[in-house]
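In: quick one: sequence and predicted model below, then my questions.
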Amino acid sequence: MNTGNNIRIALFASGAGTNAANIIQYFSNKPLVTIGLIVCNNPKAGVLKIAADNNVPSLLIEKEKFFRGDGYMPELQNAGIDFIVLAGFLWKIPSTLINAYRDKIINIHPALLPKFGGKGMYGSFVHEAVLSAKEKESGITIHFVDELYDNGKIIFQTTCPVYENDTTETLAKRIHALEYEHFPKVIEQLIEKKNQTRS
Ligand SMILES: Nc1nc2c(c(=O)[nH]1)N[C@@H](CN(C=O)c1ccc(C(=O)N[C@@H](CCC(=O)O)C(=O)O)cc1)CN2
Ligand SMILES: NCC(=O)N[C@@H]1O[C@H](COP(=O)([O-])[O-])[C@@H](O)[C@H]1O
């Protein structure tokens, strides 16, 4: 149980982990926030090396315990986790965690929800859908996580242009730039707001 003023965050990621690396770096000199754990469902994910390189403990999870067991609640509690940040995590968060961390789980989505969200909408699939729809703009959405995919209350959105000659790669690069710029600051503002209501 975390009893101090320090807020301990668990980052959930399934892939390269560039957002996780950016968040770790951002909070590396902010004493009130600790990245206490990286939770991953993919043994080959680049985020596991990012955890090791930054001396952040990691937890490799498997389906049965996550979806039909305790959702790794004991491990999260032992790590003193107060807040969960999904940064490219590709499994649905089960009700065990949603209920235990109600309004304390957030996610970043690489499009302007409610469009281009839901099952199957992750990574390059999202950018492909935006390009196929001939959208003139895309962006990012940061939202609270509830039982459904991409359904929780929206906290923050910002946009970027989509160009006719864009590929999924060029659009992904523009979206990533928005993620790196805004995600850590939105996390920090949320934590500050929760600290104000606690004190
Ligand atoms: N309860 C919730 N869990 C998760 C949410 C959420 O809003 N509520 N957000 C996702 C992140 N996400 C979009 O932002 C997302 C990730 C993955 C999928 C998806 O379709 N996943 C596949 C499985 C993919 C795989 O195992 O490689 C699937 O469910 O079939 C949709 C949206 C994180 N969790
Ligand atoms: N629907 C969820 C989704 O698509 N999330 C996206 O996965 C990428 C993870 O990149 P990273 O592993 O390099 O941080 C990010 O672009 C994030 O928005």
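Out: Good, I have the coordinates. Ligands and ions are numbered 1, 2, ... in the order given.
In: flag every residue of the protein that's near ligand 2.
Out: 13, 15-20, 87-88, 108-110, 121-123, 126, 176, 179 (CB under 6 Å from any ligand atom). Backbone N, C-alpha and C define where each C-beta goes, glycine included.
In: helix, strand or coil for the spatially closest residue to Gly36 that is not a sequence neighbour?
Out: Closest residue to Gly36 apart from its sequence neighbours, by CB to CB, 6 or more residues apart in numbering: Arg8 at 3.9 Å. Put simply, Arg8 is strand when judged by DSSP: H, G, I helix; E, B strand; the rest coil.
In: quote the end-to-end distance of stretch 14-22.
Out: Distance across stretch 14-22, first residue to last, is 15 Å (CA to CA, to the nearest Å).
In: list the buried residues in stretch 144-155.
Out: 144-146, 149-150, 152, 155 (16 or more other CB atoms under 10 Å).
In: among these, name the ones in strands.
Out: 144, 155 (DSSP state E).
In: now the two most distant members of the buried residues of stretch 144-155.
Out: Between any two of those, the greatest separation by CB to CB is 16.3 Å, found for Tyr149 and Ile155.
In: ok, and does the top helix by length along the chain reach over to ligand 1?
Out: The helix that spans the most residues within the chain, counting by DSSP state H, is helix 168-198. No: applying CB under 6 Å from any ligand atom, one finds helix 168-198 separated from ligand 1 by no less than 11.6 Å.
In: so the closest residue to ligand 2 within the chain is in which element?
Out: In the chain, the residue that lies nearest ligand 2 is Gly88 (2.6 Å; CB to the nearest ligand atom). Using DSSP states H and E, Gly88 is not contained in any helix or strand.
In: from what I can see it touches Gly15, true?
Out: Yes: if you go by CB atoms under 8 Å, Gly88 and Gly15 touch, sitting 5.1 Å apart.
In: among the residues of the chain next to ligand 2, which ones are in strands?
Out: 13, 108-109.
In: OK, contacts around the closest residue to Ala13 other than its chain neighbours?
Out: Nearest residue to Ala13, sequence neighbours excluded (CB to CB, 6+ apart): Val47, at 4.2 Å. Counting by CB atoms under 8 Å, 6 or more residues apart in numbering, Val47 makes contact with 11, 13-17, 20-21, 38, 40, 58, 88.
In: ok now the helix or strand hosting Ala52, how far from the chain's centre?
Out: Following DSSP H and E, one finds Ala52 within helix 46-53. For helix 46-53, the separation from the chain centroid amounts to 16 Å (computed by CA atoms, centre = their mean, to the nearest Å).
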